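*Asks:* Using only what follows, build the 3D model:
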Amino acid sequence: MSDRGPEIYDVAGIGFGPANLSLAIAIEEYGASRPGKGISSLFFERQASFGWHRNMLLPSATMQISFLKDLVTIRNPTSSFSFVAYLHASGRLPQFVNKQDFFPTRREFHSYLEWAQARVSDRIAYGSEVTSIRLPAGEAAEAPDHLLLEIADDTGRRVIKARNVVISTGLVPSLPEGTERDERVWHSCDFLEQYRRMDPRTLRRVAVAGAGQSAAEITRFLYDELPHAQVYAVTPSYGYSVADDTPFANQVFDQPAVDDYYFGTEQTREAFWRYHRNTNYSVVDDEVIRELYRRSYDDDVLGVRRLRFLNLTRVTGAKRAGEETRISLQVGEDGEVRELDVDALVCATGYRAMEPAGLLGDLDRHCLRDEADRYQVDRDYRLVTVPEVRCGIYLQGGTEHTHGLTSSLLSTIALRSGEIVESIVSRQAGDNVDSAVPVKVGSDLR
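*Replies:* Model prediction:
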């Protein structure tokens, strides 16, 4: 433990993906517009450097949202941190315009994120993991206005103080029951790293489990990269379902829809999921579906069966069988279980929501929960705590039950970051903030 006294910040961010990057920029722009009235902040990221889904940066894979839904533009269209500003700085703005395309490649968008984080790098501590958050002891614990964060890095351990904590540790990979990750069973979050470790010639039979965008993109990649191999697409549905990205459906990602969800009845919230789940969950872009079907059809024309679709089928287990992996497949909900030997299994089976309880430790008992034992969250993404805890704990993720299906998506991070900054500033100024009232956010964060 360091001997120096704890540092204190207005905001400590835990995790540094796009959500907290957007927040760091919102804090930067707030301070730039109000000299002498800035917000002190520091963000902790356990990775050694910035990275966002690096193992899914597949060739030709594109973003599923418009480039205008970047880190800032919806909140502040004049921001120097926009994707357009990045293109200008990179000397590619005219070329991008000539493409007449709203959807950059995932590789280019990742380059944009790296460019943006480099401009706020003085606020980021990479290679640093927050191991615990706790209330102060002694007199300060009676009405705490700050929290203590214990940080582990290559220099040892230290403690900082923060008046507000913003947790954005990301989603947790989900695997089918009966499977565990190893050198032959991969989750999509590890895909490119694991694939590059293999000799492609040894991959003669590969299987991809899942029915979403990642599963389809990986299936396409393996089919194209391994011309000698058989590729099995294991889907619980009948093939892939198309993502609804039509204009009316896309309104579900707009800020008024977040308000409608947050302030709506349980019936309203159920309707959101029933009617609009197909905007994001277990769905695939039309172009990718058609490309895969075209490859399958071409196989039929040539009289080969390299791409095989195992529809209405789930992976229920995996075990090593010599040099191969034997996977158990259940056909239908109550159907037969059969086995398939493959050289690699890729589980593109999604993620679980962020769960901060372990990080909060004993502090968790001061956070209120609803009848379903889920966190109560204010409209400004602040956890509802007992009145004695005056410091703020904000969530960027894990709020699907309160804020709807956009909670873990890029579509709303620009406005959400502005709302969190507005909330922090208002509460620190002692304003009578009614967290049930939507926060008004402008380009200048007034």
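*Asks:* Please count neighbours and contacts with C-alpha atoms only from this point.
*Replies:* Noted.
*Asks:* Do a quick rundown of the strands in the stretch 101-250 of the chain.
*Replies:* 124-126, 129-134, 147-153, 156-167, 172-173, 185-187, 205-209, 230-234 (DSSP state E, counting those that start in this stretch).
*Asks:* Nearest approach to residue 349 belongs to which of those?
*Replies:* strand 205-209 (6.6 Å; C-alpha to C-alpha).
*Asks:* now for that closest one, which elements pack on it?
*Replies:* In this structure, strand 205-209 packs against helix 213-225, strand 230-234, strand 337-342, strand 344-347, with contacts taken as 3 or more C-alpha pairs under 8 Å, 6 or more residues apart in numbering; DSSP states H and E.
*Asks:* what's that strand in contact with?
*Replies:* Identification of contacts with strand 205-209 by C-alpha atoms under 8 Å, 6 or more residues apart in numbering yields 215, 218-219, 229-235, 314-315, 341-349.
*Asks:* Can you lay out the strands of the stretch 101-250 of the chain as CSV showing distance to residue 224, mean pLDDT and mean neighbour count?
*Replies:* Shown next, in CSV, are those (distance: least, C-alpha to C-alpha, whole Å; pLDDT from 0 to 100; neighbours: other C-alpha atoms under 10 Å):
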stretch, distance to residue 224, mean pLDDT, mean neighbour count
strand 124-126, 36, 97, 20
strand 129-134, 39, 96, 19
strand 147-153, 41, 96, 21
strand 156-167, 39, 96, 21
strand 172-173, 26, 92, 14
strand 185-187, 19, 98, 24
strand 205-209, 13, 98, 25
strand 230-234, 10, 98, 24
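*Asks:* Quick one: these as JSON lines, columns for distance to residue 324 too.
*Replies:* Shown next, in JSON lines, are these (distance: least, C-alpha to C-alpha, whole Å):
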{"stretch": "strand 124-126", "distance to residue 324": "38"}
{"stretch": "strand 129-134", "distance to residue 324": "36"}
{"stretch": "strand 147-153", "distance to residue 324": "39"}
{"stretch": "strand 156-167", "distance to residue 324": "40"}
{"stretch": "strand 172-173", "distance to residue 324": "23"}
{"stretch": "strand 185-187", "distance to residue 324": "10"}
{"stretch": "strand 205-209", "distance to residue 324": "9"}
{"stretch": "strand 230-234", "distance to residue 324": "14"}
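*Asks:* Let me know which of these is the nearest to residue 118.
*Replies:* Using C-alpha to C-alpha, these put strand 124-126 closest to residue 118, at 9.4 Å.
*Asks:* Now stretch 377-385 - C-alpha only, PDB.
*Replies:* Extracted C-alpha coordinates of stretch 377-385, given in PDB (Å, rounded to 0.1, in the frame of the first residue of the first chain):
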ATOM      1  CA  VAL A 377     -31.500   3.400 -10.700                       C
ATOM      2  CA  ASP A 378     -32.400   7.100 -11.100                       C
ATOM      3  CA  ARG A 379     -33.100   8.600 -14.500                       C
ATOM      4  CA  ASP A 380     -29.600  10.100 -14.400                       C
ATOM      5  CA  TYR A 381     -28.100   6.600 -14.200                       C
ATOM      6  CA  ARG A 382     -27.200   7.000 -10.500                       C
ATOM      7  CA  LEU A 383     -27.800   4.100  -8.200                       C
ATOM      8  CA  VAL A 384     -30.400   4.800  -5.500                       C
ATOM      9  CA  THR A 385     -28.700   4.600  -2.100                       C
END
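*Asks:* No further queries at this time; thank you.
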